[in-house]
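Novice: Could you work out the structure for the sequence below:
(2 chains)
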Amino acid sequence: MYTASTMRPRNTELGELLKGHTPTLLLAVLRDGPLHGYAIAREIERRSKEALRLGEGSLYPALRTLEQEGLIISRWETQPAGPARKVYALTETGAAELIKRMRSWRDFVQAIEDVIGGIPHVQQPTGTLSG
Amino acid sequence: MYNSRLEHYLDEMERPLTRLSAETRREWREEARQHLLDLVAAHEELGASPQEAMEAALRQFGDARQIGRQLQRAAQEQTMGPGAALALFSPLLIAAILLLTGCAYAYVLSGSLLAYTVLQWAGVGAFLAVPILGGWRVGRRRSARRLGRPALAALALPTLLFLPIASVFLIPMIGSPWQGATPDCRWGLLWFPMAVASQMAASYRYRRLKSHA
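Specialist: As a prediction, the model looks like this:
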């Protein structure tokens, strides 16, 4: 049965962590080929196993910025069925930038992991404090 | 009802986009509409009624005004705006005036009043045309980041051209800078600091745009 929560974000903490990394995600999903805005949003959801869900309207300002930086290009494509759609594709500069950002991200993740370590084994409390 | 809700939402989103051309706004609206209709269809496939699907799609797309403002900010970064464009192109403007008025004074020295008048009016024409055509139109339509440092360097050349122009046309004619100079020549001597100031303003604007990248 349909409920309004069916397509809401599942994890707001991930949403917070996502801030600032949207351009990298956009470049990454465009690496495999040109996509339109709706398909980009679905691809991010699919790859993240629905953990990452963006405010979909906010994809477009990010796409516009990437386009003006020359990292992606856009064009209107006629569809076999339905109206023409604007699709975005990675440029060579964008592909190089993606590699750079991926390296930075991995360095960052590695550094954080080095600090926080692995997930600790959760132990049952052995006693309680009493006054 | 279904369509009017969508159109109202798109209107709200479009409202802040005052600095985008009508064509860009139309394209953006079409792109957003298609995305929203895809979302509506997806929600309907999951069992929502058309009205529920529309509301869920709009919620998922985000706050219309906020998206509009984000797009507007992106557009502001993309285009320089008239002030910055004028600053960027003013070295060119100043060089054009210098060249024309410098030539005009040379003709005055040779005694041709007609040439002086024609060239003075050409100077006025350049004064109006360069910022309007170069600064306003080109500056608003081209990406500020793509214009980039090479273009700024190229535009700095006219500023540097002041020195040979001044040494050839202005300084020999007026002797010491302020003694015995005509009012036009005194203003002419102010063009150099003006050119430097405008170039600095343009460079500052460029650095700010780059730091926002």
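
Novice: And the helices in chain A?
Specialist: A:12-18, A:22-30, A:37-47, A:59-68, A:92-116 (DSSP state H).

Novice: how about CSV for those, with distance to chain B added?
Specialist: C-betas here are computed from N, CA, C, even on glycine. Formatted as CSV, the helices of chain A follow (distance: least, CB to the nearest CB, whole Å):
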stretch, distance to chain B
helix A:12-18, 12
helix A:22-30, 10
helix A:37-47, 4
helix A:59-68, 4
helix A:92-116, 11
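
Novice: export those to a markdown table and tack on mean neighbour count and mean pLDDT?
Specialist: Below are the helices of chain A laid out as a markdown table (neighbours: other CB atoms under 10 Å in any protein chain shown; pLDDT from 0 to 100):
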| stretch | mean neighbour count | mean pLDDT |
| --- | --- | --- |
| helix A:12-18 | 12 | 60 |
| helix A:22-30 | 21 | 94 |
| helix A:37-47 | 19 | 93 |
| helix A:59-68 | 21 | 90 |
| helix A:92-116 | 12 | 91 |
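
Novice: Dump those into JSON lines; add distance to B:Arg69 as well.
Specialist: Formatted as JSON lines, these follow (distance: least, CB to CB, whole Å):
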{"stretch": "helix A:12-18", "distance to B:Arg69": "19"}
{"stretch": "helix A:22-30", "distance to B:Arg69": "16"}
{"stretch": "helix A:37-47", "distance to B:Arg69": "18"}
{"stretch": "helix A:59-68", "distance to B:Arg69": "9"}
{"stretch": "helix A:92-116", "distance to B:Arg69": "26"}
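
Novice: Among those, which comes closest to B:Leu36?
Specialist: Nearest of the helices of chain A to B:Leu36, taken as CB to CB: helix A:37-47 at 8.9 Å.

Novice: still on that earlier bit, nearest to B:Gly62, out of the helices of chain A?
Specialist: Going by CB to CB, the one of these nearest B:Gly62 is helix A:59-68, 9.4 Å.

Novice: Now do the closest one: distance to the chain's middle.
Specialist: Its chain's average C-alpha position is 14 Å from that of helix A:59-68, according to CA atoms, centre = their mean, to the nearest Å.

Novice: Quick one: list the elements packing against it.
Specialist: With contacts taken as 3 or more CB pairs under 8 Å, 6 or more residues apart in numbering or on different chains; DSSP states H and E, helix A:59-68 sits against helix A:22-30, helix A:37-47, strand A:72-77, helix B:22-45, helix B:64-78.

Novice: need the ones you listed in CSV with distance to B:Ala56, can you?
Specialist: Output for the helices and strands packed on helix A:59-68, formatted as CSV (distance: least, CB to CB, whole Å):
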stretch, distance to B:Ala56
helix A:22-30, 22
helix A:37-47, 14
strand A:72-77, 27
helix B:22-45, 5
helix B:64-78, 15
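
Novice: nearest to A:Asp107, of these?
Specialist: Closest among the helices and strands packed on helix A:59-68, using CB to CB: helix A:22-30, at 13.2 Å.

Novice: what's in contact with that closest one?
Specialist: Residues outside helix A:22-30 that contact it (CB atoms under 8 Å, 6 or more residues apart in numbering or on different chains) are A:18, A:35, A:40, A:43-44, A:47, A:52, A:54, A:58-59, A:62-63, A:65-66, A:71-72, A:88-90, A:94, A:97-98, A:101-102, A:105.

Novice: Stretch B:26-35 too?
Specialist: Outside stretch B:26-35, the residues that reach it (CB under 8 Å, 6+ apart) are A:36-38, A:41, A:56-57, A:60, A:76, A:83, A:85-86, B:6, B:10, B:13-14, B:17, B:20, B:61, B:71.

Novice: Give me the mean pLDDT for that stretch.
Specialist: The pLDDT scores in stretch B:26-35 average 92.

Novice: of the contacts of stretch B:26-35, buried ones?
Specialist: A:36-38, A:41, A:56-57, A:60, A:85-86, B:6, B:10, B:13-14, B:17, B:20, B:61, B:71 (16 or more other CB atoms under 10 Å in any protein chain shown).

Novice: By mean pLDDT, point me to the weakest helix or strand of chain B.
Specialist: Every helix and strand of chain B was ranked by mean pLDDT, DSSP states H and E. The lowest is helix B:139-141, at a mean of 44.

Novice: Look at residue 120 and report its pLDDT.
Specialist: As the question left the chain open, I've gone with chain A. 72.

Novice: Please refer instead to chain B.
Specialist: 58.

Novice: how near is A:Ile119 to chain B?
Specialist: The spacing between A:Ile119 and chain B, counted by CB to the nearest CB, to the nearest Å, is 32 Å.

Novice: Could you count how many residues lie near that residue?
Specialist: A:Ile119 has 6 neighbours, counted by other CB atoms under 10 Å in any protein chain shown.

Novice: show me the contacts for it.
Specialist: Contacts of A:Ile119 (CB under 8 Å, 6+ apart): none.

Novice: go on, B:Ala74?
Specialist: A:Pro61, A:Arg64, A:Thr65, A:Gln68.

Novice: Need the phi and psi values for B:Gly47.
Specialist: For B:Gly47, the backbone dihedrals (degrees, to the nearest 10) come out as phi 110, psi 10.

Novice: confidence score at it?
Specialist: 90.

Novice: Now do the same for residue 10: its pLDDT.
Specialist: Because you didn't say which chain, this covers chain A. The model's pLDDT for A:Arg10 equals 50.

Novice: The chain in question should be chain B.
Specialist: You'll see B:Leu10 listed with a pLDDT of 94.
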